[in-house]
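**Student:** Okay, predicted coordinates and the sequence, questions at the end:
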Amino acid sequence: MSKIHVNFIRGKEVESSHQVKVLVTNADGKTLISTNNDNEFFFPRSSIKIFQAIPFAMSNAIKNYRLSNKQIALACASHKGEKFHIRELEKWISKVNLKTTSLQCGIHEPLDKKASEKIIYSRKNFNELHNNCAGKHLGMLTSCLVNNHSITNYLDYNHTHQRNIRKILNKFTETKLSKKNFSLDGCSAPQYSFKIKYISKALNNLVKSYKNNYHYTEQVRILFNSILENPEFIGGTASFDTKVIKASKGKVFCKSGAEGVFLFIDIRKEISGVIKITDGNERAIPIAIINILKKLKIMNREELENLEKKQKFELQNHAGKKIGRVSFIMK
């Protein structure tokens, strides 16, 4: 058992401290790192979008609408609203002949600051495609269209597509969701709480599926390969999950989620990790992930250095003066 914290230090004093819950296992379920929070429930949020996209990949939607690998990746993404994201989403929604208002995810400004400012300065309006979950919703809607399911209530708990997603989550976690696990995500899609160990099991089964030792291999490979070939589409230019995939040269799959969640899989070594920052502060994720990857020797020295140099673990004020540092503590 380990205790892990990320400290933000001003001068010589710890100004803020973030507890990190971690469970890392291999394909056989052997625990490699644990903070002994395995049986605690949490909401994985957007980190499980690849599982939510499997029913979409199982339908004929990809073939029927000739969706590109970039669009497939967006079905699993939390995109930042950059120009290249919106371009692919606009192509996709045009292919399926839907209006942006068909997406019930709501509207927010792009998470990428430059992209948001550009729209504001141009005096254009934000729409549903700028929502970071737009690709997930388009995947759901496209699947419903192909299967002749209603699209007006596609987010309802008992809608056929949502039941199909729960079947997938039950299969991969090897447990059974109940209504007490149910809540709504930020985009109004059903979201469920899981024990950390169940999401760990799901990741292990996901990599087994990718390697043809579990179910849904064809669909998982389509989703995995689309993401690994287009890492900018799972997050964005500045997204940490995008940076990890790129730095590892596609050897590591990962996905972040709101409130300090991060999942990763070393595809070659079949090692999976579940990380949850207890207080939900996402600023603690980069240094925690980099140090966990180092400990497990998941990426080589050059890859880790390339990833680490893109992060700022030295704290500076607005005048550019060094005021402190970020520290990773594992005991």
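**Tutor:** Received it, and whenever you're ready, just let me know what you need.

**Student:** packing partners for the strand ranked longest in the chain?
**Tutor:** The longest strand of the chain (DSSP state E) is strand 13-26. In this structure, strand 13-26 makes packing contacts with strand 4-10, strand 31-34, helix 196-210, strand 271-277, helix 285-296, judged by 3 or more CB pairs under 8 Å, 6 or more residues apart in numbering; DSSP states H and E. Where you see a C-beta, it was placed from the backbone N, CA and C, and this is true even at glycine.

**Student:** In whichever helix or strand comes after the third one, which residues are buried?
**Tutor:** What that stands for is helix 196-210. Sequence order places helix 217-229 as the next helix or strand after helix 196-210, per DSSP states H and E. Within helix 217-229, the residues that qualify as buried by neighbour count (16 or more other CB atoms under 10 Å) are 219-220, 222-224, 226-228.

**Student:** ok so, going back, the longest strand of the chain: partners in the sheet, and parallel or antiparallel?
**Tutor:** Partner strands and pairing direction for strand 13-26 (DSSP bridges) are strand 4-10 (antiparallel), strand 31-34 (antiparallel), strand 271-277 (antiparallel).

**Student:** Go through the ones you listed and pick out the most buried.
**Tutor:** Sort the strands paired with strand 13-26 by mean neighbour count, taking mean count of other CB atoms under 10 Å, and strand 271-277 sits at the top with a mean of 26.

**Student:** what's next to that strand, contact-wise?
**Tutor:** The list of residues contacting strand 271-277 from outside it, by CB atoms under 8 Å, 6 or more residues apart in numbering, reads 6, 18-27, 32-33, 37, 42, 196, 199-200, 203-204, 206-207, 259-266, 284-285, 288-289, 292, 296, 298.

**Student:** one step back: which residues are in contact with the longest strand of the chain?
**Tutor:** Here strand 13-26 has contacts from 2, 4-9, 31-35, 37-38, 40, 42, 196-197, 200, 204, 260, 269-279, 281, 283-284, 288, 292, 296, 324, using CB under 8 Å, 6+ apart.

**Student:** quick one, it and helix 196-210 angle?
**Tutor:** Orientation check (axes from the mean of the first three to the mean of the last three CA atoms, to 10 degrees): strand 13-26 against helix 196-210 gives 50 degrees.

**Student:** got the CA coordinates for strand 13-26 in PDB?
**Tutor:** Output of strand 13-26 as PDB, limited to C-alpha atoms (Å, rounded to 0.1, in the frame of the first residue of the first chain):
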ATOM      1  CA  GLU A  13       6.100  25.700   2.900                       C
ATOM      2  CA  VAL A  14       3.400  23.400   1.500                       C
ATOM      3  CA  GLU A  15       0.600  25.700   0.500                       C
ATOM      4  CA  SER A  16      -1.800  23.100  -0.900                       C
ATOM      5  CA  SER A  17      -1.800  19.300  -0.900                       C
ATOM      6  CA  HIS A  18      -3.900  16.900  -3.100                       C
ATOM      7  CA  GLN A  19      -4.400  13.300  -2.100                       C
ATOM      8  CA  VAL A  20      -4.100  10.900  -5.100                       C
ATOM      9  CA  LYS A  21      -6.000   7.600  -5.200                       C
ATOM     10  CA  VAL A  22      -4.300   5.000  -7.400                       C
ATOM     11  CA  LEU A  23      -4.800   1.400  -8.500                       C
ATOM     12  CA  VAL A  24      -2.400   0.000 -11.000                       C
ATOM     13  CA  THR A  25      -2.700  -3.700 -12.000                       C
ATOM     14  CA  ASN A  26      -1.500  -6.000 -14.700                       C
END
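
**Student:** Return the distance of it from the chain's centre.
**Tutor:** 19 Å (CA atoms, centre = their mean, to the nearest Å).

**Student:** pLDDT (mean, whole number) over it?
**Tutor:** Across strand 13-26, pLDDT averages out at 97.

**Student:** Going by neighbour count, list what's buried in it.
**Tutor:** Within strand 13-26, the residues that count as buried by 16+ other CB under 10 Å are 18-26.

**Student:** cool, and stretch 175-194?
**Tutor:** So stretch 175-194, judged by 16+ other CB under 10 Å, has buried residues 175, 177, 181, 185-187, 189-192, 194.

**Student:** With stretch 100-107 instead?
**Tutor:** 100, 102-105.

**Student:** Looking at those, which one is closest to Ile119?
**Tutor:** Ile119 has its nearest neighbour among these in Thr100, at 13.9 Å by CB to CB.

**Student:** The closest one contacts Ser94, correct?
**Tutor:** No: with contact defined as CB atoms under 8 Å, Thr100 does not reach Ser94; the gap is 10.8 Å.
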